[in-house]
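>>> coords please:
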Amino acid sequence: MQEAKFLRRFIERESKYASYKFALLRGIIEIIQEYDHLKLETEEEVSFPLGLLIEKWIFYYYPLIENNIPQIYGKKALTFRKELEYFIEKYKNNGGFLQFYNDYRHSKVNFKEIKKLFTKIKTAIYTGPMKHLGYTTNKTKYSIFRYENPNLKVKSKDLNIKEYLINNYGYIKFDKNLYILLKEFGSFINGTESIIFKWAKFSKNIDNSLNQEEIISLLLKSKEEIERDVYDAKKVYDKYIKNLRCVWTNKKLTKKNYEVDHALPYSITYINDLWNLLPAHSQINRKKSDMVPTPSLIESRKNQIKYYWNLLLKEYKDRFKKEVEIGLTGRINIPTSEKSLFNNAIDKLKQRAEFLIDRGYEPWKP
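This next block holds a predicted model:
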């Protein structure tokens with residue numbers, strides 16, 4: 001499904017210099033969950049009032065800016081920071097965020113002042129994430145989310161800020177298939193229904209004295225702390241350094257210019273098995289980074305891969321075979337020749353690479 005690929009590509013791969021794209025997607029998901037009754041729809045598209053997204057952004061960014069949590073790379077500031085800081089400063093000694101929230105909800109904030117903030121955030125959304133989201137894949141601006149202004153200006157007799165926002169800032173439009181996906185799975189993507197979140201909540205329900213945020217941190221800790229243990233493979237490659245060539249380019253390797261590459265990127269798979277650790281030229285390894293070698297590249301370099309697997313097999317016979325069987329081929333304790341083991345492993349490696357590329361990870365070949 002194209003929309004699922006887009007989401008995965010966005011979350012894991014698309015470039016982000018500010019948190020705007022996260023705020024856009026989070027806001028859209030929440031608006032679908034909360035304001036589905038306000039959507040306009042055709043056979044192919046749905047639209048929601050952009051003002052609802054503006055409001056979401058105010059409450060996402062207020063605590064982040066108040067606590068100086070970085071939201072953009074470099075020295076630039078969020079384009080609406082000054083206008084939002086005005087309210088943060090105004091409420092600093094007057095009840096803080098909760099009082100601001102209460103005044104906003106009851107339309108007690110100064111209208112002219114809040115309108116300046118609305119305008120700045122609308123511009124930030126329109127010229128930022130709406131414009132650029134999806135560009136990495138589609139090479140077209142506004143390819144995922146589009147803006148429509150029906151020129152509807154409504155003034156309510158008794159000013160209600162939410163009503164004003166809904167009626168005066170146009171609509172954000174997007175494909176209906178994406179809407180269906182976000183409606184069904186949005187809460188999982190946002191994390192509120194994720195396994196980790198539910199697990200932490202379950203633990204807290206058992207012992208209410210526990211801190212849910214700390215439990216989430218502990219649940220995520222184990223994966224983050226796994227080191228890229230390439231030591232054993234490197235010992236073997238150092239031993240045969242005179243015969244080493246880059247697994248992907250065939251460039252001659254020396255101790256000064258080679259690194260142990262995770263064929264299937266560690267950042268994606270967390271696989272430190274010997275079969276996944278292959279010597280590559282340091283410059284090539286960095287260019288490849290966490291991209292996935294294409295099946296055709298693996299096929300064209302299979303003899304070199306098998307050569308390195310054979311070196312590893314000589315040094316760590318039982319371990320290598322077991323890691324291939326469990327981690328790659330799934331053919332556990334089935335007697336087989338080394339030739340058959342390697343051929344089967346190459347096929348499975350290509351299938352694994354194809355699967356990752358199909359999920360939206362970037363394919364790579366030199």
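>>> Now tell me what touches the strand or helix carrying I28 from outside.
Using DSSP states H and E, I28 sits in helix 20-34. Contact with helix 20-34 is made by 10, 14, 16, 39, 48, 52-53, 56-57, 60-61, 124-125, 128-130, 132-133, 145, 172, 174, 179, 182-183, 186-187, 189-190, as judged by C-beta atoms under 8 Å, 6 or more residues apart in numbering. In this view, the C-beta of every residue, glycine as well, is placed from N, C-alpha and C.
>>> Tell me, how many residues neighbour the closest residue to T42 other than its chain neighbours?
Of all residues not flanking T42 in the chain, K176 sits nearest, at 7.9 Å (C-beta to C-beta, 6 or more residues apart in numbering). Neighbour count for K176, taken as other C-beta atoms under 10 Å: 14.
>>> what's next to stretch 318-329, contact-wise?
With contact meaning C-beta under 8 Å, 6+ apart, stretch 318-329 is reached by 271, 273-276, 309, 312-313, 331-334, 341, 344-345, 348-349, 352.
>>> let's see it at 6 Å
273-275, 312-313, 331-332, 344-345, 348 (C-beta atoms under 6 Å, 6 or more residues apart in numbering).
>>> Show the average pLDDT along stretch 262-272.
Averaged across stretch 262-272, the pLDDT comes to 86.
>>> List every C-alpha atom in it, with coordinates, as CSV.
What follows is stretch 262-272, C-alpha atoms only, in CSV (Å, rounded to 0.1, in the frame of the first residue of the first chain):
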residue,chain,number,x,y,z
HIS,A,262,26.9,-4.4,8.5
ALA,A,263,25.5,-5.7,5.2
LEU,A,264,22.0,-5.3,6.4
PRO,A,265,22.3,-2.0,8.4
TYR,A,266,22.5,-2.4,12.1
SER,A,267,20.4,0.7,12.7
ILE,A,268,17.5,-1.1,10.9
THR,A,269,18.0,-4.8,11.8
TYR,A,270,20.1,-4.8,15.0
ILE,A,271,21.9,-7.9,13.5
ASN,A,272,25.5,-8.5,14.7
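>>> Which of the helices or strands spans Y147?
strand 146-148.
>>> what residues are up against the residue nearest to T42?
So K176 contacts 44-46 (C-beta under 6 Å, 6+ apart).
>>> Return the subset of those lying in helices.
Using DSSP state H, no member of those sits in helices.
>>> Name the member of these with the most neighbours.
Most neighbours among the contacts of K176, by other C-beta under 10 Å: V46, with 21 neighbours.
>>> Return, as residue ranges, the portions of the stretch 201-350 of the chain with sub-threshold pLDDT.
Scanning the stretch 201-350 of the chain with the threshold set as pLDDT under 70 gives 220-229, 332-334.
>>> swap the cut-off to 90 and go again
Where the stretch 201-350 of the chain drops to pLDDT under 90, the residues are 201-232, 243, 255-256, 266-272, 289-290, 317-319, 321-323, 325-341.
>>> ok, which stretches of it are strands?
Secondary structure of the stretch 201-350 of the chain (DSSP state E, counting those that start in this stretch): strands at 258-262, 277-281, 292-293.
>>> Now mean neighbour count and distance to S300 too, for the ones you listed, in CSV please.
Compiled in CSV, these are given as follows (neighbours: other C-beta atoms under 10 Å; distance: least, C-beta to C-beta, whole Å):
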stretch, mean neighbour count, distance to S300
strand 258-262, 22, 16
strand 277-281, 25, 14
strand 292-293, 26, 10
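>>> out of those, which comes closest to T137?
Distance to T137, taken as C-beta to C-beta, is lowest for strand 292-293 among the strands of the stretch 201-350 of the chain, at 15.8 Å.
>>> got the end-to-end distance for stretch 356-366?
With C-alpha to C-alpha, to the nearest Å as the measure, stretch 356-366 spans 18 Å from end to end.
>>> quick one: Y270 and N276, what's the gap?
10 Å (C-beta to C-beta, to the nearest Å).
>>> Those two: who's more crowded?
Comparing Y270 with N276 by other C-beta under 10 Å, the one with more neighbours is N276, at 23 against 12.
>>> Correct me if wrong: that one contacts A263.
Yes: between N276 and A263 a contact is recorded at 5.2 Å, counting by C-beta atoms under 6 Å.
>>> re earlier: what about the strand holding Y147, average pLDDT?
Averaging pLDDT along strand 146-148 gives 93.
>>> Which other helices and strands does it contact?
When contacts are defined as 3 or more C-beta pairs under 6 Å, 6 or more residues apart in numbering; DSSP states H and E, strand 146-148 sits against strand 171-175.
>>> Report the rounded mean pLDDT for the strand it packs on.
95.
>>> Skip ahead from it and say which helix or strand is next.
Taking DSSP H and E, what comes next after strand 171-175 is helix 176-190.
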